[in-house]
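S.K.: I'd like to go over a predicted model; first the sequence, then the structure.
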Amino acid sequence: MDFNKPVENSSKSDSILYSSSRGSGLDSPSLRVSNHPAENSVKSDPFMHSTSQRTASSYQSASHGAPNSASGIEVNSVSEDSARNDAFLHSSSRGSISSYHWRSDGNSVREVGFGDSDPKPVRHGSRTTESEGLGLSQKEINEEEARFIYINDPVKTNERFEFAGNSIRTSKYSVITFLPRNLFEQFHRVAYIYFLIIAVLNQLPQLAVFGRGASVLPLAFVLTVSAIKDAFEDFRRHRSDNVENNRLASILVNDKFELKKWKYIEVGEVIKVSSNETLPCDIVLLSTSDPTGVAYVQTINLDGESNLKTRYAKQETHSKNPEKENISGLIKCDKPNRNVYGFQGTVEIDGKRMSLGPSNIILRGCELKNTDWAIGVVVYAGRETKAMLNNAGAPSKRSRLETQMNQEIILLSLFLIALCTIVSTLFGTWLKRHMAEVNETPYYRKKDYNNGPPKDYNYYGIGLEIFFTFLMAVIVFQIMIPISLYISMELVRVGQAYFMNRDATMYDSVSNRTFQCRALNINEDLGQIKYVFSDKTGTLTENKMEFKCASIWGTDYSISTVDELDEQNTYSITVDEQVLTPKVKVKVDPTLHRLVNSGNNARHVYDFFLALAACNTIVPIVTSSSGSDVRTVDYQGESPDEQALVFAAAAYGFMLVERTSGHIVIDVQGEKQRFDVLGLHEFDSDRKRMSVILGCPDNTVKVFVKGADTTMFSVIDKSLNTDVVQATESHLHSYSTLGLRTLVVGMRELDHLEFERWQSSYEAASTAIMGRASQLRKVASSIEKELTILGASAIEDKLQPGVPEAIESLRNAGIKVWVLTGDKQETAISIGYSSKLLTGRMKQIIINKNSKESCRRSLREALDMSNNMSTVTRGVGDNDGISGPAQLALIIDGSSLVYVLDSELEEELFLLASRCDVVLCCRVAPLQKAGIVALIKQRTDDMTLAIGDGANDVS
């Protein structure tokens, strides 16, 4: 997890269930084994048992002798969405998986329950928009606002309101609506309406200038070609819909699971999903194959994130087997909405009422991973699922060129009307003056003398003659707007798409993919882009994190400064004649490696690597290869930063080998040690840190915290070990200048009273109806204080190949490149230089203020400086023949944007940014990214292109 970023990816909106561990020993391992990475789980492994086995009763009070049956802590917390949600924390169930008791007191830790967050108005510059912008309702769901789902009773569920079926439709047309709707969309082009009018006029005998069929053919040809193209695209959508709707799922019918087509699934039915299967609808999780009720899902179809997310079943429902006992109950939840990161509800089973949150629901399109099976009840189906509500359908895209052509055609049409009016007026004047002569006037004879007595031609009077002349003039002058122009445009677009799709230089050998032109109507817009807004992580960089440096207790262990870099550490453990080794090899610092292996580890080194291995949400997964005794341990998690840190800890001998909802097992230099996870506060965009409370083998309780330096130093006790704090700050600065991603690690030991206060406060906050998320943040902050600094880590995220050349080419083409990142300022500047976004010739304007007035002063000073530089440059150009303005680079951070965006300072920022060749925004939240893009789009007509790799880049 990148703690320097204000907000994590939207995929980070999952919850972490934590509780004290069950009973004794390590006999319920969660380490997964599969023949393929990140897949099927193994039931048990002998290596999970270690010499550090101990029972939960070791925590029991010596003086009170609390019973083993005491209820334990079980807490669900949901990390924040990038720029959207508060940390949703949800209630645990009474059937907690274990007990945790204090040595000095027999009172067991009480059960904790909690719910959802509260909304706040969304503003681009708000400090809390990223965490509260799309929060759920502050009030409890009432009868009118809720939907009621009777578990395993779809008839009763749909009795009052007939909920949507599970059949979906992503196609745009049907057989009946195709012709009218397609014609309606095509006639959004003003020229087509004009050509239609011309064709209709030419069908009238009085106005026919040339063949009636000839006037219709060009328009009919263009309409037919476009209709065939649209029909083929929609046919593929229909075919995809049919395949999707006719897939099979296991539905509980008469106490046994039977296969049923997706399109026939109803709200209220109980469904069973097996490993690697896709969810057909939105379900509330009831039970899983995991003994602790955990399910792992992949949301790549929803947000593009391939990392695993965790979902949880309530203990009250997890213990029930639908095939052996009748399961019934009532779920009351919010109505269908588009917020994929929020869910609020309650479930009543056996007279017990429990809260439901985002950690208890799995959405349509997710894939079940590392879990043999999961059972849930359908709450949203078909078009009411969150995935379908966020599907805007197939849009009708129009390029800027086409929009401009529509405007020009309207102007030409007005000119044509004026021209025809002049012609018809002059004709009327002529006809009136020569009325007595028109009977025999050539080319306009009023009388027909050919057959018998003279008779009038079709003469309708001077008024209608003038009107018909006006219409005939329209037909005569129709070439002012040639239909061939549109035919040529369509052919050119098809040709462009053909050459772009077959461009060999656009082939990616890694993914084995070529360029794909998905919208023929807008490919010419690529050549009109003036501003490019780009995220850094995963867009400019590879998003493959590599552990580089560590500062531990004031000592810098940087592998980039040592000579022994050729060897990568291959730490491994041997269990049952099989070798377990981490999947990723990490380069280590020899000095630190020898210190760790010496057996005389300083306590702070032990605590540092323990924090890296434990303070995360990583799940260890073992993959085995046939015919080999070596098995590889892979670490699956929601953040590549966390994966890099856990692999680094394993390289130094702190290997995470098991994680359940209640405990973790870490192999420390060959000795397996079990730690009870008593509490975990997930990362959120306000605190910018995360913490875990561990019950250690020596019966102490410690809180480990890691996070961004800006927030960590505010909770570290600087009166202790001042020299260590100063040395760490110095190391952090040097790491940042190298372009590394940094975080700070701290810890402290908790006594009995502190833990009880935290537990009591947590229970009160988690059961609050109003402002629950903000109260939970306060509880987290109350325990994340007076920390002892352990050190800092630095991770490298390398640039993708070709990025510097691409940025340089864009800038040479006159395109302004803006990079919007959540990294700290020094890191962003370093990446700016390495990517050639910044050059040594550029004058940097840095704005990182903490008040509105200081931001105002900085903006005005920067504007004055830019004006002076332009004046000086012009003077030099006049005298020495040198032309072109001086290059300026604006560097502004998110704290300054809080005061600038959505205020009167926006205009000054726009004026300054428009004079700069490069803009680099650091430590910005996703909504601030959206505000920066809007800053340009609302004030200029220039074409903009915004690029991002994750859901946190969509606001």
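M.R.: Right, received. Where do you want to start? Residues are numbered from 1 along each chain as shown.

S.K.: count the neighbours of residue 553 for me.
M.R.: By the criterion of other CB atoms under 10 Å, residue 553 has 19 neighbours. (Each C-beta comes from the backbone N, C-alpha and C, glycine too.)

S.K.: which ones are touching it?
M.R.: 602, 604, 605, 608, 721, 724, 790, 791 (CB atoms under 8 Å, 6 or more residues apart in numbering).

S.K.: which pair of these spans the longest distance?
M.R.: Using CB to CB, the contacts of residue 553 reach their maximum pairwise distance at 605 and 721, which is 14.5 Å.

S.K.: and the two? Which one has more around it.
M.R.: For residue 605 and residue 721, the more surrounded residue by other CB under 10 Å is residue 605, and the numbers stand at 22 against 17.

S.K.: in this structure the more buried one contacts residue 552, no?
M.R.: Yes - shown here, residue 605 and residue 552 form a contact pair, counting by CB atoms under 8 Å, at 5.7 Å.

S.K.: that older thread, export the contacts of residue 553 to TSV and tack on pLDDT, distance to residue 821 and secondary structure?
M.R.: Below are these laid out as TSV (pLDDT from 0 to 100; distance: CB to CB, whole Å; DSSP: H, G, I helix; E, B strand; the rest coil):
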residue	pLDDT	distance to residue 821	secondary structure
602	77	35	coil
604	89	32	helix
605	92	32	helix
608	95	27	helix
721	85	32	coil
724	93	29	helix
790	94	27	strand
791	94	24	strand
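
S.K.: could those go into JSON lines alongside distance to residue 582?
M.R.: Compiled in JSON lines, the contacts of residue 553 are given as follows (distance: CB to CB, whole Å):
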{"residue": "602", "distance to residue 582": "24"}
{"residue": "604", "distance to residue 582": "24"}
{"residue": "605", "distance to residue 582": "19"}
{"residue": "608", "distance to residue 582": "18"}
{"residue": "721", "distance to residue 582": "32"}
{"residue": "724", "distance to residue 582": "29"}
{"residue": "790", "distance to residue 582": "22"}
{"residue": "791", "distance to residue 582": "21"}
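
S.K.: low-confidence ranges in the stretch 551-700 of the chain?
M.R.: By pLDDT under 70, the low-scoring segments of the stretch 551-700 of the chain are 559-570, 575-577, 599-601, 625-628, 685.

S.K.: tell me where it has helices.
M.R.: 590-597, 603-614, 640-651 (DSSP state H, counting those that start in this stretch).

S.K.: pick the most deeply packed of these.
M.R.: Of all the helices of the stretch 551-700 of the chain, helix 640-651 has the most neighbours on average by mean count of other CB atoms under 10 Å, namely a mean of 25.

S.K.: can you list the residues that contact it?
M.R.: In contact with helix 640-651 (CB under 8 Å, 6+ apart) are residues 1-3, 307, 543-547, 550, 568-569, 571, 582-586, 588, 609, 612-613, 616-618, 633, 635-637, 655-656, 741, 743, 793, 795.

S.K.: please repeat the previous calculation with a cut-off of 7 Å.
M.R.: Applying CB atoms under 7 Å, 6 or more residues apart in numbering, the contact partners of helix 640-651 are 1-2, 543-547, 569, 571, 582, 584, 586, 588, 609, 612-613, 616-618, 635, 637, 656, 741, 793, 795.

S.K.: cool, stretch 191-204 as well?
M.R.: Contacts to stretch 191-204, defined as CB under 7 Å, 6+ apart, come from residues 186-187, 207-209, 212, 215-216, 219, 409, 413, 471, 474-475, 478, 481, 483, 486.

S.K.: among those residues, name the ones in helices.
M.R.: 186, 212, 215, 216, 219, 409, 413, 471, 474, 475, 486 (DSSP state H).

S.K.: mind picking the lowest-pLDDT entry from these?
M.R.: Lowest pLDDT of the ones in helices among the contacts of stretch 191-204: residue 212, 71.

S.K.: roughly how far apart are that one and residue 202?
M.R.: Between residue 212 and residue 202 the distance is 6 Å, computed by CB to CB, to the nearest Å.

S.K.: so between these two, which is more surrounded?
M.R.: residue 202 (22 against 12).

S.K.: against residue 280, how distant is that one?
M.R.: 55 Å.

S.K.: ditto for residue 903
M.R.: Using CB to CB, residue 903 is found at 47 Å from residue 280.

S.K.: residue contacts, residue 691?
M.R.: Neighbour list for residue 691: 681, 703, 704, 705, 780, 783, 784 [criterion: CB under 7 Å, 6+ apart].

S.K.: what about 6 Å?
M.R.: Residue 691 makes contact with 681, 703, 705, 784, according to CB atoms under 6 Å, 6 or more residues apart in numbering.

S.K.: over to residue 230?
M.R.: Here residue 230 is in contact with residue 182 (criterion: CB under 6 Å, 6+ apart).

S.K.: does the residue lying closest to residue 270 once chain neighbours are set aside sit in a helix, a strand or a coil?
M.R.: Nearest non-adjacent residue to residue 270, counting by CB to CB, 6 or more residues apart in numbering: residue 252, 3.9 Å away. Assigned with DSSP: H, G, I helix; E, B strand; the rest coil, residue 252 falls in the strand class.

S.K.: residue 252 reaches residue 271, doesn't it?
M.R.: No - using CB atoms under 6 Å, residue 252 makes no contact with residue 271, being 7.4 Å away.

S.K.: just the buried ones from the contacts of residue 691?
M.R.: Buried members of the contacts of residue 691, counted by 16 or more other CB atoms under 10 Å: 681, 703, 705, 784.

S.K.: would you mind measuring from residue 678 to residue 360?
M.R.: Counting by CB to CB, the gap from residue 678 to residue 360 is 22 Å.

S.K.: what is the mean pLDDT for stretch 744-763?
M.R.: Mean pLDDT, computed over stretch 744-763, is 90.

S.K.: distance between the ends of it?
M.R.: 29 Å (CA to CA, to the nearest Å).

S.K.: offset the numbering so it begins at 433, please.
M.R.: Okay, using 433 as the starting number, the last item reads as stretch 1176-1195.

S.K.: now do that stretch: distance to the chain's middle.
M.R.: Relative to its chain's centre, stretch 1176-1195 lies at 33 Å (CA atoms, centre = their mean, to the nearest Å).

S.K.: right, I'll leave it there.
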